[in-house]
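Visitor: Have a look; sequence and predicted model below, questions after that.
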Amino acid sequence: MNRAIRQLAVGLMACYVVLFAALNYWQVGQKEELDAKFDNTRAILREFNRPRGNIITEDGVVVAQSLPNTTDENLDFTRDYPTGDLFSNVTGYFTKDFGATQLERTHGDVLVGSTAAQQVRGLGDLLEGNVDNAGSVQLTMRYDAQLAAKFALGGREGSVVVIDPTTGAIIAMFSNPTYDPNTFVGQPFETAQQVITDLQNAPGNPLLANAYQERYMPGSTFKVITTGIGLEAGVLSRETSFPDEREYTPPQTNDPIQNYNGSLCGGDMATVFRRSCNIPFAKTAIELGVERMVEGTRAWGIDEKLPIDLPRAATSTFGNVENLDQQLPLLAIRGFGQSEDQMVPLHMAMVAGAVANGGQMMKPYVIDATYDRAGRVLDRTSPDVWKTPISPQTAALETEFMIGVVESGTASCCLDLAGGIQAAAKTGTAELGIASNPDLSHAWIVAFAPAEAPRFAVAVVLTNVQSTDDVAATGGRLAGPIAEGMLDYLLTGEGARG
Amino acid sequence: MTHAPAFDDEYGAGRRVPSPIARRRRNTELTLVVMAAMITGAAYAVAALGTNAEIPPGIVVFVGILLALLLCAHIVVRLVAGGADGTLLPLAAILHGVGFVMITRLDDRLAGLQATWSLVAIAVFVLTLLFVQRTTLLARYRWLLFLAGALLLLLPMVPGVGQTFNGARIWVSIGPINFQPGEFAKVAFAIFFAAYLADRRELIAARTWKVGPIHLPEPRYIAPIIVAWAFAVVVMIGERDLGSSLLFFTLFVVMMWVATERVGYLLLGVVLFGGAAWFSWSQFDHVQTRVSNWINPWDDPLDKGYQIIQALYGLADGGLLGTGLGRGNPNQVPEAQNDFIFASIGEEFGLFGATAVLMSYVLIVGAGLRIALRTERTFEKLLATGLTTIVGVQAFIIIGGVLKVIPLTGITLPFVSYGGSSLVSNYILLALLIRVSDSAARRLGELPDDPTTGERWQAWRLARQIRRAEKKGEPPAAVAAHDEAGA
């Protein structure tokens, strides 16, 4: 029996070695991954009884703050979002039981004052028994601009993004559907759990920011990119002209491509851009070929995660490019922004911004600076170039084309800015091609103004809009007025400065 | 005819003092027990500092009572089991202490109850050592213990008495008293099986029954393993208690294997249990939930996966050194004081502290199996093996569940988890292990095999009968009977 007992000892020992290995796996190996899980509240709990600083807009409105807790005796503070749903996509939320998101997660250390710099600076205060070392985060976003964006959208599903094209600073970024963190933050566990679960299952995913965490088919706004690639490659120029055509049959198929509504469309470069013909851009994509087209889209930052200072940003995409040279019709269609093309609304604002900024696409950011308890700067964001997809000459030419869109093209209806300020724009109507509902589309516009010295670049998308027999749901008609409203407000309206 | 001295045997002839090695064991035990009390007291103070930022006012009283209890247990061991292994009691004490500190830190309303149960457990430990002074006493009551074990196991299924709690029907409620009879049944079954197999192990190993080309033991000799398997299945299905079921079955299979030294039983056990497990997986939702939760708890992070996910977050938050006692948030895990206490320990004591707990179980297993190797009596070998297997496997099942090594099954962590049944039954188990250890030491002549209190009393009665008989001139019937029995 002794032999079996010894074998049993070895067997049990092996069991405990496995346990020891598992313990190491969770406590050391997976530590960082588990600590970073969005629903992991351990770090939050530890921070929960410490004063937590404010998140403040550029124009000084507090959008996230800590208030003394009056309902739960175990917790000293509760988090409050005075502007409701207005900034929830950026601040995120900070809960005890369901984790923290966005800036509340990534800048929790600044807000409670636990960064190394703050701890060193706060040492004197701590010795005096002052435990409040909370820092604050100042945004580049403006409360008034955000409010204007919300009203402009008017509850419709979609996004509005306004950036400063010269720096990449985000001035307004609002999308529907969204959520009000106060509906579950600081609520009793069961209530909060119900609200969060409902939000998770709600259509349109309100917890995700459509403006930078979702992507949509861009339609004709993508032609800004195709034109840029064509001009840079020398395939297109100001003088290029296309015949008036109704149909074009790309290689490898018998199915012809048509213009919007099957219209007859052609002319010189400025004209086809202004009228937003499809066939010239399909031809351009075919002439560029797969390699140059894919490389060109990469130069615009497509298929690369947006470098915004917020977590979990989406990635725009040119679609699957494997064996694309065997599927040239798809390449042609993607040349004018249909099929598998998908763009993040923020990215489209950056595309307009790149044209406005002489070809330089700036890194987008929402944090202007972080401050310690005494108001001293901890870290200030300095603007940085992300991509340079086009030369200043190409940018100037594209600006010209985009002015044409406003003056006599697809946006002529709706982008006549107050005070005689000239805007430049490109519209897009992405037909989703759903068999059961062929009239469903995304209505886009990208624009910047003033055209000669751009201060603001805008992207607007209204998603899943329905055309009727009387009114076509086009980007110009639906998204145009929103862009106009935002630019007017910021340049000459109540929001104008200087 | 001379009958005195009645119990002067060949082993300890002429020696009336323990050997140095036996004495050293007791002194080691004393030192370790005092250390365990000090560590527990310090942890208690630190936990209070961590949660309330103040030294608990009753700290001196706490340490005093703790020390008194452990010293009492130690002194009883010194008196009636002087040759026993010196590490078992301190190991149990430190696990018990860490568990107690953790439980009071998790919920101070449980402190009073757990303290009362601790008192009862130590008392039962002492009583077990005092009552069971010879291991043969246990073997004698094997069938009674079997019956008791079976009844205890089935009791929760009796309508009106059994209680379902957290999905498992493992509680019994009689009047104001609630307990988990399964915790006691495991000890009873270990004793029964050790006794049963000690008698029949050769017959079972012989495999004289031929079914075609396969040699099997006589059906009547393998009947118990079939019964055991049936019990495990009944527990698994009737009480929804996967953990206990696995524990019982492992216990039986391991004891069959050790007794017969035939690996076939191990394989047969795996096949039988695997079959039953597969059947219950395919038939019962709660088993499927357990398995899918094990594979990916993040499928349902707010409901079914919540407990294990929170436990893993706690472990990760603890990291190498832990958050510090009272500084973590182990209460995020539902039932933290019970099945998930190991996660709380990992969170606040860190990898180092949790490893110390693992090591404690490894050391208990080591000590227990060393006892099994040292003793020469088959019954004692099997008993020590069985009891050790219970502790080792039970701790493995629940820690493995918490660490997502195996599917989670609700079962207590011996000596650490909250709960009276678990604590009392494990102290009984510990007392029996210490008894076997002491018995082995006596056989090896490490200390005089003095007659026990019971035996002294019997001897005194016998002597009195003889005296009376001699006085009356009658033939001493009792003496004759004793001679026969002793022969």
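Guide: Structure's in. What do you need? Numbers count the residues shown, from 1 in each chain, chains lettered A, B, ... in the order given.
Visitor: Run a quick neighbour tally on residue 22.
Guide: Because you didn't say which chain, this covers chain A. Residues near residue A:22, counting by other CB atoms under 10 Å in any protein chain shown, number 19. C-beta here means a position set from N, CA and C on the backbone, and glycine is covered the same way.
Visitor: Sorry, I should have been clearer: chain B.
Guide: Residue B:22 has 21 nearby residues by other CB under 10 Å.
Visitor: Kindly report the same for the one 4 residues further on.
Guide: A count of neighbours around residue B:26, defined by other CB under 10 Å, yields 20.
Visitor: For it, give me its contacts.
Guide: By CB atoms under 8 Å, 6 or more residues apart in numbering or on different chains, the residues touching residue B:26 are B:74, B:77, B:78, B:82, B:86.
Visitor: would you list those in JSON lines and tack on distance to residue A:433?
Guide: Shown next, in JSON lines, are the contacts of residue B:26 (distance: CB to CB, whole Å):
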{"residue": "B:74", "distance to residue A:433": "82"}
{"residue": "B:77", "distance to residue A:433": "83"}
{"residue": "B:78", "distance to residue A:433": "87"}
{"residue": "B:82", "distance to residue A:433": "89"}
{"residue": "B:86", "distance to residue A:433": "81"}
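Visitor: out of these, what pair is the most spread apart?
Guide: Spatial extent of the contacts of residue B:26 (CB to CB) is set by the pair B:74 and B:82 at 11.3 Å.
Visitor: Burial check on the closest residue to residue A:250 other than its chain neighbours, number of neighbours?
Guide: Leaving aside its chain neighbours, residue A:250 sits nearest to residue A:332 (4.2 Å; criterion: CB to CB, 6 or more residues apart in numbering or on different chains). Close neighbours of residue A:332, defined as other CB under 10 Å, add up to 27.
Visitor: Check what pLDDT residue A:332 gets.
Guide: Looking at residue A:332, its pLDDT is 93.
Visitor: Quick one: residues contacting it.
Guide: Going by CB under 8 Å, 6+ apart, residue A:332 touches A:248, A:250, A:257, A:282, A:283, A:285, A:286.
Visitor: Out of the contacts of residue B:26, list just those in helices.
Guide: Among the contacts of residue B:26, the ones falling in helices (DSSP state H) are B:74, B:77, B:78.
Visitor: near chain A too, which of those?
Guide: Among these, no residue lies close to chain A (CB under 8 Å from any CB of the partner chain).
Visitor: of those residues, buried ones?
Guide: Among those, those that count as buried by neighbour count (16 or more other CB atoms under 10 Å in any protein chain shown) are B:74, B:77, B:78.
Visitor: Residue B:203 against residue B:220, yeah?
Guide: No. In this structure, residue B:203 is not within contact of residue B:220 by CB atoms under 8 Å, at 9.1 Å.
Visitor: And those two? Which one has more around it.
Guide: Set side by side, residue B:203 and residue B:220 show more neighbours around residue B:203, with 15 against 11, by other CB under 10 Å.
Visitor: so what's the backbone phi/psi at the more buried one?
Guide: Residue B:203 adopts backbone torsions of phi -60, psi -40, taken as degrees, to the nearest 10.
Visitor: Check the gap between it and chain A for me.
Guide: 15 Å (CB to the nearest CB, to the nearest Å).
Visitor: dump the residue contacts of the closest residue to that residue other than its chain neighbours.
Guide: Leaving aside its sequence neighbours, residue B:203 sits nearest to residue B:221 (CB to CB, 6+ apart; 5.1 Å). Listed by CB under 8 Å, 6+ apart, the contact partners of residue B:221 are B:200, B:203, B:204.
Visitor: So for the first one, what's the pLDDT?
Guide: Predicted confidence (pLDDT) for residue B:200: 83.
Visitor: can you put the ones in helices among the contacts of residue B:26 in CSV and add pLDDT and distance to residue A:244?
Guide: As requested, the ones in helices among the contacts of residue B:26 are exported to CSV (pLDDT from 0 to 100; distance: CB to CB, whole Å):
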residue, pLDDT, distance to residue A:244
B:74, 94, 104
B:77, 92, 105
B:78, 89, 109
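Visitor: any idea which of these is closest to chain A?
Guide: Distance to chain A, by CB to the nearest CB, is smallest for residue B:77 among the ones in helices among the contacts of residue B:26, at 23.8 Å.
Visitor: Correct me if wrong: the closest one contacts residue B:433.
Guide: No. Using CB under 8 Å, residue B:77 makes no contact with residue B:433, being 11.4 Å away.
Visitor: got the residues of the stretch 51-200 of chain A near chain B?
Guide: Counting by CB under 8 Å from any CB, the stretch 51-200 of chain A sits next to chain B at A:193, A:196, A:197.
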